[in-house]
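Asker: Structure for the following, please:
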Amino acid sequence: MNTRTVLIITALVVVAALGTSAALFWVQNSARQVMLSLNLGFTQFQLVEPLPVPVLMAICLGVGLVLGVGLVLPLMARASAKARRAERSAALGTDYDKGY
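Answerer: From the prediction side, this is the model:
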């Protein structure tokens, strides 16, 4: 087997294990509910109905993914733009090192 096949099989096994454990967590904790509240000192917020724990975990995971992608995408765009500028200047035979 080549390296690519081993990596694909490993990735599929990891995804299957994570999916199975997430499904098991969802089934085992679907009956548990949490009452959420936020006290800011000058005002308070509280949900009208309790929220199931798996739903709360899914919301937290989604927010974390969105924030993570939102922070990483500009950095990746900046790095790729810098790489394109470097390739262009190398192809033209010029050196535009700006020092940052």
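Asker: Work out for me the element residue 10 sits within.
Answerer: Element membership of residue 10, judged by DSSP states H and E, is helix 3-29.
Asker: Tell me who's in contact with the spatially most central residue of the chain.
Answerer: Geometric centre of the chain, nearest residue: residue 65, 2.8 Å, by C-alpha atoms, centre = their mean. With contact set as C-beta atoms under 8 Å, 6 or more residues apart in numbering, residue 65 has no partners. C-beta here means a position set from N, CA and C on the backbone, and glycine is covered the same way.
Asker: tell me, how many neighbours does the residue nearest to residue 25 when sequence neighbours are not counted end up with?
Answerer: Closest residue to residue 25 apart from its sequence neighbours, by C-beta to C-beta, 6 or more residues apart in numbering: residue 54 at 6.7 Å. Burial of residue 54, expressed as a neighbour count using other C-beta atoms under 10 Å, amounts to 18.
Asker: Wait, residue 54 touches residue 23, no?
Answerer: No. Judged on C-beta atoms under 8 Å, residue 54 makes no contact with residue 23 at a distance of 9.9 Å.
Asker: returning to that earlier point: tell me how far the helix holding residue 10 is from the chain's mean position?
Answerer: On the basis of C-alpha atoms, centre = their mean, to the nearest Å, helix 3-29 sits 17 Å off its chain's mean C-alpha point.
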